[in-house]
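A.B. asks: Provided below are the primary sequence and the corresponding predicted coordinates.
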Amino acid sequence: MKSRKKVLVIQAISEEALRLFDEHGGIDYEILTDTSAENIAAHVNDVDAITIRDAPLPASALAKARTLRVISRHGVGYDNVPLSFCNEHKIPVTIIGDVNAVSVAEHALFLMLAVARNGTRFDRAIRAGDFGIRSRITAMELRGKTLLLVGYGRVGQEFAMRARALGMTIVGFDPFIVPTRFPEVKFFDALADALAAADVVSLHVPLNDGTRDMIDAKALTQMKRGAILLNAARGGIVDESALVASLENGHLRGAGLDVFLREPLPASDPLLTREEIVLSPHCAALTAECLIEMGRATVRNVLAAFDGTLDPALVVNRGSLLTGR
């Protein structure tokens, strides 16, 4: 048995996080900046753990990872990790829990305000010398409006708290929660009914087979005319072509998007042509403060796996804990 554990850090994490490895002792780590599948495959042969941010991690890259005991995601999404492979080989995949919930909720609030108040459009106009835009387009007041949170987990709850401060009414759609735990929120049984009730729709669900293209052309027509769509969750949940069409025909007021089907967005992407969309580069969780805490949480999950103290609530494939590897 190896006397020291080895961790492959795919994509750099904060120095404060790496320091936890040093303080623990008995651990060597290697930071991988070339995240190609071929380079990952060349470095996994004797690793005990992998940390990874948003780089793709195909199953083929893990074929020789014979000593791998845990994959620790630097985030809460895990669609870049080959879950079927990990289930087959009893490798736990961990996430960071609620560490980034506040940062993402604040960013969703920013996107909502920016769309409702024409923030980016007004900014561009002023810089171009067009002060008269104030007479051509009007902003939307959020007081008294209804915010639908599709997914009422950690981020959704944080966003709800902030939206209430603006005088908004909160409704939800989430088949996986117990509605009686949140008596202040009206939950809908059907997504179509929820969409029809909302002035702003914000998505807070993972990307999987059940949520891919959840907001498609039909769902967009079920939203109120003049409504706002927000997505700071995962690209692929929204049918982007249908969203562009909805904006072109004037059905939706606008959208705030932090995530996309293709990242980075190609220069020819139709989303870039719509002034009603406020865009950000998948950065909702990337505040200076949050990056430090996300890194620490990522490392703590690795250490817990080594020490046999993994929190099952942070393991997305809990069946992998039954027999170990």
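C.D. replies: In hand now; what should we look at?

A.B. asks: contacts and neighbour counts: CA atoms only from here.
C.D. replies: Will do.

A.B. asks: in the stretch 101-250 of the chain, which spans are strands?
C.D. replies: Along the stretch 101-250 of the chain, the segments classed as strands by DSSP state E, counting those that start in this stretch run 146-150, 169-173, 186-187, 200-203, 228-231.

A.B. asks: closest to A17 out of these?
C.D. replies: strand 228-231 (28.5 Å; Cα to Cα).

A.B. asks: would JSON lines of the strands of the stretch 101-250 of the chain with distance to V238 and mean neighbour count be doable?
C.D. replies: Listed next are these as JSON lines, based on distance: least, Cα to Cα, whole Å; neighbours: other Cα atoms under 10 Å:
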{"stretch": "strand 146-150", "distance to V238": "12", "mean neighbour count": "25"}
{"stretch": "strand 169-173", "distance to V238": "16", "mean neighbour count": "23"}
{"stretch": "strand 186-187", "distance to V238": "21", "mean neighbour count": "20"}
{"stretch": "strand 200-203", "distance to V238": "9", "mean neighbour count": "26"}
{"stretch": "strand 228-231", "distance to V238": "8", "mean neighbour count": "25"}
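
A.B. asks: would you convert the ones you listed into CSV that also reports mean pLDDT and distance to A42?
C.D. replies: Formatted as CSV, those follow (pLDDT from 0 to 100; distance: least, Cα to Cα, whole Å):
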stretch, mean pLDDT, distance to A42
strand 146-150, 98, 40
strand 169-173, 98, 44
strand 186-187, 98, 49
strand 200-203, 99, 37
strand 228-231, 99, 36
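
A.B. asks: how about the nearest residue to A233 once chain neighbours are set aside, what does it touch?
C.D. replies: Of all residues not flanking A233 in the chain, H204 sits nearest, at 5.3 Å (Cα to Cα, 6 or more residues apart in numbering). By Cα atoms under 8 Å, 6 or more residues apart in numbering, the residues touching H204 are 149-153, 155-156, 231-233.

A.B. asks: closest one of those to L272?
C.D. replies: For the contacts of H204, the nearest to L272 is N231 (15.6 Å; Cα to Cα).

A.B. asks: now that closest one: how far from A267?
C.D. replies: 20 Å (Cα to Cα, to the nearest Å).

A.B. asks: still on that earlier bit, among the contacts of H204, which one has the most neighbours?
C.D. replies: When neighbours are counted by other Cα atoms under 10 Å, L149 leads the contacts of H204 with 29 neighbours.

A.B. asks: quick check, pLDDT for the residue nearest to A233.
C.D. replies: pLDDT, H204: 97.

A.B. asks: pLDDT below threshold where in the stretch 1-150 of the chain?
C.D. replies: Filtered on pLDDT under 70, the stretch 1-150 of the chain yields the residue ranges 1-2.
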